[in-house]
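Novice: model the structure of this input:
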Amino acid sequence: MNANLVIIPTYNEIENAEKIIRAVFALPGGFHILIIDDGSPDGTAAAVKELQKEFKDRLFLIERSGKLGLGTAYLTGFKWALERGYAYICEMDADFSHDPNDLARLIGACEGGADLAVGSRYCNGVSVVNWPIGRILISYFASVYVRRMLGVRIFDSTAGFVCYSRKVLETIDLDAVQMKGYGFQIEMKYSAVKLGFKLAEVPVIFVNRKEGTSKMSGGIFGEAFWGVIKLRFRSIRPKA
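Specialist: Predicted coordinates for the structure are as follows:
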């Protein structure tokens, strides 16, 4: 498989779905896209199906029955990608908070020797646009907390803009991943590092969404907080 895959989970992203799909397909490099929609009542999945007529064999859709969590969406996508032989598998939000033009930089970091590349908001100062200061502080200090609790040198452990090489996802026991919300991002990065993979952080500018509504909640932060404590005492083993 020569193409690289971009996995984009969606829930009520009708304002952004077509725009983000077209933006990725306008890039050089022959990307494929897998949309994983969690039963969006706003018609997101229907919009993607309409675009599939135009982007046959490049745009794929998995529909799920309800909001099953960001982590389970990506795990579903990872397994789908591995079955189809993609070399590089990227995570990206639908709302343009991640610049599609940075995909090439993440893949380039992996081609240059990293096993996974993180689009990092905090490895070069704070690179966040239009977020309330309170949310910036929560996000920034969450990564500080993770570094100190887990002893890993990752400046943006909660980042959701990531490129994995195939071998990382083949080695991590995806069925053993426990966190389902944004804590999933922490667990995946930590697992990769503990299994000996090289992680590179690529500085990016994160821009708060202009359309649609955020899916963040207090429960997401609570899961991440307690999940990190549990991670510290877990043994991370490769897939058998």
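
Novice: could you pick out the longest helix of this protein?
Specialist: The longest helix of the chain (DSSP state H) is helix 133-150.

Novice: export that one to CSV, keeping only CA atoms.
Specialist: The C-alpha coordinates for helix 133-150 follow below in CSV (Å, rounded to 0.1, in the frame of the first residue of the first chain):
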residue,chain,number,x,y,z
ILE,A,133,-6.5,30.8,28.8
GLY,A,134,-8.1,28.4,31.3
ARG,A,135,-8.2,25.6,28.7
ILE,A,136,-4.6,26.3,27.6
LEU,A,137,-3.4,26.0,31.2
ILE,A,138,-5.3,22.8,31.8
SER,A,139,-3.9,21.2,28.6
TYR,A,140,-0.4,22.5,29.2
PHE,A,141,-0.2,21.3,32.8
ALA,A,142,-1.8,18.0,31.9
SER,A,143,1.3,17.3,29.9
VAL,A,144,3.5,18.5,32.8
TYR,A,145,1.6,16.1,35.1
VAL,A,146,2.1,13.2,32.7
ARG,A,147,5.9,13.8,32.3
ARG,A,148,6.3,13.8,36.1
MET,A,149,4.0,10.9,36.9
LEU,A,150,5.2,8.6,34.1
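
Novice: which pLDDT value goes with the residue lying farthest from the centre of the chain?
Specialist: Residue farthest from the centre of the chain, counting by CA atoms, centre = their mean, is Lys53 at 26.0 Å. You'll see Lys53 listed with a pLDDT of 97.

Novice: what does Ser214 give?
Specialist: So Ser214 comes in at 53 (pLDDT).

Novice: which SSE is Gly77 in?
Specialist: Following DSSP states H and E, the helix or strand that holds Gly77 is helix 70-83.

Novice: other residues contacting the helix or strand following that helix?
Specialist: Later in the chain than helix 70-83, the nearest helix or strand by DSSP H and E is strand 88-91. With CB atoms under 8 Å, 6 or more residues apart in numbering as the contact definition, strand 88-91 has outside contacts at 4-7, 74, 77-78, 81, 103, 106-107, 110, 160-166, 169. Every residue, glycine included, has its C-beta placed from N, CA and C.
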